[in-house]
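A.B. asks: pasting a predicted model and its sequence here:
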Amino acid sequence: MKKTLNWLFDYPNLQIYQFEDGFKFSLDSLLLAEFAEIKKNEERILDLCTGNGVIPTILAYKYHKKIIGIELQKEIYNLAVESIKLNKLEELAEFICDDVKNIDKHFPRESFDVILCNPPYFPYHNENHVNDCELKKIARHEIYINLATVFKIAGAMLKNKGRFYLVHLPERLSEIVIYAHENHLFLKKIQFIYSKDNENAKIVLCMFTKNGRMGTKVLPNINISKVDTYQNLFKERSEEK
């Protein structure tokens, strides 16, 4: 499969390797990386289902902290490794090629301050409505991991009061809240993303705290078509308020 090198949207110093006719990262990963807040005392950060390493690349560049990404598909994992070297961030980002469900073979429970995930969005029932490209099929559909398992892993691997950041489809929000509570993760902040006015939200970004208090902050809606830059998008909006 032919490999291509692209600029990482409006990050002028970052480039990313992708497959020209196969797997490509989505805007969702970029928004999740911007939505996440990494505090000064937080040194243990994990990105589940990391793909070609967009989230670790952005976070390492922004915060100069060590980020660990885990990716199942060897071909995509290799892209992440190449991209992080190209951006000269290899001392800050580390990638593991393994099934996310094996994370406890690499790290003890309650190891991380912050966990992020842009998981497969769509339930998998049969082969009739999935992409023919194997890389895309696994990245988009819950073949190897589902939403319930993502929350189980996040709940187990986070330290007490640690934060979990998730990007997903708004139509699965009821499931998201149920699985979160089952794993002692409480929804603290939620952001809906729109692509057009007067249409339903396309993306939802969520922040959960392990063993946190009840109470959720719903942030002002964002129409992504009216955004000039993604950098510091959520920080700027919070400062406007």
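C.D. replies: Good, I have the coordinates. Numbering: from 1, shown residues only.
A.B. asks: for residue 27, see how far away residue 210 is.
C.D. replies: Taking C-beta to C-beta, to the nearest Å as the measure, residue 210 falls 28 Å from residue 27. C-betas here are computed from N, CA, C, even on glycine.
A.B. asks: what about the two, which has more around it?
C.D. replies: Applying other C-beta atoms under 10 Å to residue 210 and residue 27 shows that residue 210 carries more neighbours, namely 22 against 16.
A.B. asks: show me what that one is bridged to.
C.D. replies: Counting by DSSP bridges, residue 210 forms beta bridges with residue 185.
A.B. asks: roughly how far does it sit from residue 154?
C.D. replies: 8 Å.
A.B. asks: can you check residue 221 too?
C.D. replies: 26 Å.
A.B. asks: more crowded one of the two?
C.D. replies: Taking other C-beta under 10 Å, residue 221 and residue 154 do not tie; residue 154 has more neighbours (27 against 11).
A.B. asks: ok, now which ones touch that one?
C.D. replies: For residue 154, the contacting residues are 48, 115, 117, 164, 183, 185, 208, by C-beta atoms under 8 Å, 6 or more residues apart in numbering.
A.B. asks: in what helix or strand does it lie?
C.D. replies: helix 147-157 (DSSP states H and E).
A.B. asks: buried residues in that helix?
C.D. replies: Going by neighbour count (16 or more other C-beta atoms under 10 Å), the buried part of helix 147-157 is 147, 149, 150, 151, 152, 153, 154, 155, 156, 157.
A.B. asks: ok, so of these, who is nearest residue 60?
C.D. replies: Using C-beta to C-beta, residue 157 comes nearest to residue 60 of these, at 19.5 Å.
A.B. asks: give me the nearest residue to the closest one, chain neighbours excluded.
C.D. replies: residue 112 (5.4 Å; C-beta to C-beta, 6 or more residues apart in numbering).
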